[in-house]
Each structure stands twice: as structure tokens, then as C-alpha cells.
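> For reference, the sequence and a predicted model appear below.
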Amino acid sequence: MPLQQQSQQLYAVTDFKVKDVDVELGAGYGFTPGSDRLIFKAIIGYAFPVPGKNNDAGAASSSMTMGTQPRSTPNPLLGK
């Protein structure tokens, strides 16, 4: 496809949380004739509560964590 027909943009984006709502805002600039010159985007998301799931618990307390669990063995290098 010729460069004049290609759409190539660069975006600057930020995301943050307001209470239970995730917000993502961004502005972009098109570099080729086939792209829009100035683009704005907004994404608003909400995670619906799942019955039976505690939404306040973090991922670390979930039973589906990656890696191994920390061990409570003494460190011989620290001494007593």
C-alpha cells in the first residue's frame, strides 16, 4: 500500500481510576496523508461485580497467583 494511503498515528495516553470507573484519555497525531491529523480518544470502563467474588481482595490473595509462595525459613546469613 502506498504511504499516502497508510494511516500512521502516535498517541499520548493517560489512564486513571475514579472510584469504580476506569478512565483512559488520549490525543493522537497522524503523520501520513491517509491518516487523520488530530485524534482524541476516551475509554470509560466499569468492572461489574461478580456474585460470590470478593472484589476488595487483591490479586496476591487470589488462589491463582504465578510463581511460588514465599517460605518462612530462617536466613542463615543473617545469624541469630
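Nice, thanks for sending it over.
> make it CA atoms for all contacts and neighbour counts henceforth
OK.
> Can you show me the strands along this protein?
Under the criterion DSSP state E, strands of the chain are mapped to 9-18, 21-30, 38-46.
> Highest average neighbour count across those: which stretch is it?
Greatest average neighbour count among those goes to strand 21-30 (a mean of 15), per mean count of other C-alpha atoms under 10 Å.
> quick check: angle from it to strand 38-46?
160 degrees (axes from the mean of the first three to the mean of the last three C-alpha atoms, to 10 degrees).
> Adding mean pLDDT and distance to Gly52, write the strands of the chain out as a markdown table.
Formatted as a markdown table, those follow (pLDDT from 0 to 100; distance: least, C-alpha to C-alpha, whole Å):
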| stretch | mean pLDDT | distance to Gly52 |
| --- | --- | --- |
| strand 9-18 | 94 | 24 |
| strand 21-30 | 96 | 21 |
| strand 38-46 | 96 | 18 |
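> what would those strands look like in JSON lines with distance to Asn54?
Shown next, in JSON lines, are these (distance: least, C-alpha to C-alpha, whole Å):
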{"stretch": "strand 9-18", "distance to Asn54": "19"}
{"stretch": "strand 21-30", "distance to Asn54": "17"}
{"stretch": "strand 38-46", "distance to Asn54": "16"}
